[in-house]
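Chemist: Below are the sequence and a predicted model; questions follow.
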Amino acid sequence: MKKIHVGFLLSYDYALLKYSLPPVYEAADRIFLARDKASRTWKGQKFEVDPEFYVWLKEFDTQNKIEIYEDDFYLPELSTLENDTRERTMLSEKMGIGNWLIQVDSDEYFIDFKKFITDLRQYDSYLDHPEKHKIQIFAFWAIIYKYTANGILYIDEPMKAAFATNYPNYKNARRTNERAIYLDSIVLHESVARTEEQLRFKLENWGHNVDVHKDFLNKWISVDETNYQTMTDFYYIEPKRWKTLSYFPTKKIEEIKNYVSTSKNLKITKLQLMLRNFGQWFKYLFK
């Protein structure tokens, strides 16, 4: 059987790996953590990793599945997004073409990774000659927008996101621009849910740093659980893409997972999934 290889980026938000690694650990055959050898972000800024994290990682990795992959992931002549795409390409090449190449960011938490893998296995035949039948596998984000005094604000509809491929010819971060296959899986994505200090650092150093809308940060700062229903247009690039927010009355990730599993506004219907996949099949039928 083809292998399930999962890659993560180990960078300034490394602490979140304590939440994103456990959901995928049992179902993965190998896990790779990509770390810049000089501890630089895609913008070239330095970050530090608390040594305690590596102690935790060693204790957590009871099955010796995890490998740290160090390389030079920052080139000053490239933009942050170009460095982002380049690192993901190098990581997947390290993971090995011929396996399922799944990349999960440190702020993404699968609700049910085993189900994702079970659904993914239906397409194992695409691993036999991946260069001839390139595909990318999408799931759906439940995007956590902001932690408030008593809970969490989130985008009140699921958003598609690329997670896996059989051939890593990435064009834009994890996207390959090949035929997409959509799976009915939800992934919690903390996205811009940070402290204000952490968010400012992220906005300067991630792949979208030059694309952030000028009004985004002020709106993010001002919105809370008391006024979110009076505001609209929250996306950090094109504001109208995230039209409205909803509210979870908890900050605990495990409790949020329960809310997500029963939330009607985050549910992907079978019809929606079928139409998306048929559209992609037809679009690439003659390519």
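Modeler: Perfect, thanks for sending it.
Chemist: what about the helices in the stretch 1-150 of the chain?
Modeler: Under the criterion DSSP state H, counting those that start in this stretch, helices of the stretch 1-150 of the chain are mapped to 17-25, 51-60, 80-95, 113-120.
Chemist: right, so of those helices, which gets closest to residue 154?
Modeler: Closest to residue 154 of those, according to C-beta to C-beta: helix 17-25, at 15.9 Å. Bear in mind the C-beta positions are built from the backbone N, C-alpha and C, glycine included.
Chemist: Need the pLDDT of residue 206.
Modeler: In the prediction, the pLDDT value recorded for residue 206 is 72.
Chemist: Could you find the closest non-adjacent residue to it?
Modeler: Leaving aside its chain neighbours, residue 206 sits nearest to residue 80 (6.5 Å; criterion: C-beta to C-beta, 6 or more residues apart in numbering).
Chemist: how about the one you found, what does it touch?
Modeler: Neighbour list for residue 80: 41-43, 205-210 [criterion: C-beta atoms under 8 Å, 6 or more residues apart in numbering].
Chemist: ok, 10 Å please
Modeler: Shown in contact with residue 80 (C-beta atoms under 10 Å, 6 or more residues apart in numbering): 41-44, 74, 204-211.
Chemist: And the residues you listed, which two are furthest apart?
Modeler: 74 and 211 (19.3 Å).
Chemist: who's more crowded, those two?
Modeler: The neighbour comparison of residue 74 against residue 211 (other C-beta atoms under 10 Å) goes to residue 74, with 20 against 13.
Chemist: Quick check: nearest residue in space to the more buried one, chain neighbours excluded?
Modeler: Closest residue in space to residue 74, ignoring its immediate chain neighbours: residue 40 at 4.3 Å, by C-beta to C-beta, 6+ apart.
Chemist: in the sheet, who's paired with that neighbour?
Modeler: residue 46 (DSSP bridges).
Chemist: pretty sure it is touching residue 46, no?
Modeler: Yes. In this structure residue 40 lies within contact range of residue 46 using C-beta atoms under 10 Å: 6.1 Å.
Chemist: neighbour-wise, which of these two wins?
Modeler: residue 40 (19 against 10).
Chemist: of all the helices of the stretch 1-150 of the chain, which lies closest to residue 32?
Modeler: helix 80-95 (5.5 Å).
Chemist: mean confidence score for that closest one?
Modeler: Taken as a whole, helix 80-95 has an average pLDDT of 97.
Chemist: and what of stretch 269-283?
Modeler: On average, stretch 269-283 scores 94.
Chemist: could you dump the helices of the stretch 1-150 of the chain to a markdown table with distance to residue 217?
Modeler: Listed next are these as a markdown table, based on distance: least, C-beta to C-beta, whole Å:
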| stretch | distance to residue 217 |
| --- | --- |
| helix 17-25 | 24 |
| helix 51-60 | 28 |
| helix 80-95 | 17 |
| helix 113-120 | 32 |
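Chemist: To residue 168, which of these lies closest?
Modeler: Each of the helices of the stretch 1-150 of the chain was scored for nearness to residue 168 using C-beta to C-beta, and the closest is helix 80-95 (3.5 Å).
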